[in-house]
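[1] curious how this folds, go ahead:
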Amino acid sequence: MPVFMVERQFAEQLEVVPETAAEINRVNDESGVRWLSSFLSLDKRKTFCLYEADNVDAIRAAAVRAGIPADAIMELSGTLAPDGSFAAL
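    This is a model prediction of the structure:
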């Protein structure tokens, strides 16, 4: 399944509690999207999230339903290690 990086910018500092994460996961499940992990900026106003989905539209639809931004979405081809090796996703 394709993997995507989703950049999200929040107006306020992000504080996700387990209940919020569970609701996002429920919406994602219903939309055919899987949240893999997220990186949170130091100021807690921006996230970079890894997702599995069939396409960008599924991620956008899930974000709208969950009420969270999806400012930029890009499909990833793989990972690049510090030694220069590439592993396809």
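
[2] give me the low-pLDDT residue ranges for this protein?
    Within the chain, not a single segment meets pLDDT under 70.

[3] now the element after the helix or strand harbouring Phe48, going C-ward?
    Per DSSP states H and E: Phe48 is located in strand 46-52. Using DSSP H and E, the helix or strand that follows strand 46-52 towards the C-terminus is helix 56-66.

[4] can you list the helices and strands that that next one packs against?
    Under the contact definition 3 or more C-beta pairs under 8 Å, 6 or more residues apart in numbering; DSSP states H and E, helix 56-66 sits against strand 3-9, helix 18-31, strand 72-76. In short, each C-beta sits where N, CA and C put it, glycine included.

[5] need the winner for burial among the ones you listed.
    With neighbours taken as mean count of other C-beta atoms under 10 Å, those reach their highest mean count in strand 3-9, at a mean of 17.

[6] parallel or antiparallel, which strands does it pair with?
    strand 46-52 (antiparallel), strand 72-76 (antiparallel) (DSSP bridges).

[7] make a markdown table from the ones you listed and add distance to Arg60 to it.
    Shown next, in a markdown table, are the strands paired with strand 3-9 (distance: least, C-beta to C-beta, whole Å):
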| stretch | distance to Arg60 |
| --- | --- |
| strand 46-52 | 11 |
| strand 72-76 | 7 |
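
[8] for Ser37, find the nearest of the ones you listed.
    Set against Ser37 and scored by C-beta to C-beta, the strands paired with strand 3-9 come closest in strand 46-52, at 5.2 Å.

[9] can you give me the buried ones in the closest one?
    Within strand 46-52, the residues that qualify as buried are Lys46, Thr47, Cys49, Leu50, Tyr51, Glu52, counting by 16 or more other C-beta atoms under 10 Å.
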